[in-house]
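Novice: This is the structure alone, sequence omitted:
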């Protein structure tokens, strides 16, 4: 019985960390990264669609993203959508391809992004702590209902704490790596 709680706890913690990593990946660093364009939605025949579903995206140079629409008439709406996404990017097109130069980040902007990365990491840690708390409560309920022994509960607490520590460490490593990427000139 305790094993089911522990397995579910691990799956939830892993999902929480994965979500936090995904959110971190959308933060801008000094180099081109297609994850920057994930929040962009293009009006495709009345339906807001992700950019990668209406165009081919590529990174031909470290500081350049190119967007090649599948339909030439979509250049205008795509360019507008990128500008309206408030990403601090300035796209330009030649009639066939949209080029998005990635400008150097200022020192002040880098510090803001690092602070934001730490906030994302802290939210991830809160999620992991909350999952640990729920799992401990579930084990307590099972003990009170006489479904598991106190020894099983205590072993479960120990395993849950180990999972917690592992995933908190993963979050810390991810945030530290992202901060290093942001501060890299």
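Specialist: Perfect, thanks for sending it. Source: prediction; values computed, not measured.
Novice: For the chain, which segments count as strands?
Specialist: Assigned by DSSP state E, the strands in the chain fall at 41-44, 47-50, 55-61, 64-69, 92-93, 98-101.
Novice: shaky segments in this protein?
Specialist: 185 (pLDDT under 70).
Novice: farthest residue from the center of it?
Specialist: Computed with Cα atoms, centre = their mean, the residue of the chain farthest from its C-alpha average is residue 146, at 40.5 Å.
Novice: can you tell which of the strands of the chain is closest to residue 157?
Specialist: Closest approach to residue 157 among these is made by strand 47-50 (42.4 Å; Cβ to Cβ). For the C-beta atoms, the positions are set from N, CA and C on the backbone; glycine is no exception.
Novice: Residue 167 versus residue 160, what's the distance?
Specialist: Counting by Cβ to Cβ, to the nearest Å, the separation of residue 160 from residue 167 is 11 Å.
Novice: And for residue 91?
Specialist: In terms of Cβ to Cβ, residue 91 sits 38 Å off from residue 167.
Novice: Report the contact partners of the residue nearest to residue 50 when sequence neighbours are not counted.
Specialist: With Cβ to Cβ, 6 or more residues apart in numbering as the criterion, residue 50 has its nearest non-adjacent residue at 6.5 Å, and that residue is residue 41. Shown in contact with residue 41 (Cβ atoms under 8 Å, 6 or more residues apart in numbering): 48, 49, 50, 51, 81, 85.
Novice: For these, work out which two are farthest apart.
Specialist: Distances among the contacts of residue 41 were taken as Cβ to Cβ; the most separated pair is 49 and 85, at 13.4 Å.
Novice: Break the chain down into its structural domains.
Specialist: For the chain, the structural domains run 2-26+106-183, 34-101, going by automatic domain parsing.
Novice: what's the span of the shortest one, first residue to last?
Specialist: Think domain 34-101. Distance between the two ends of domain 34-101: 12 Å, counting by Cα to Cα, to the nearest Å.
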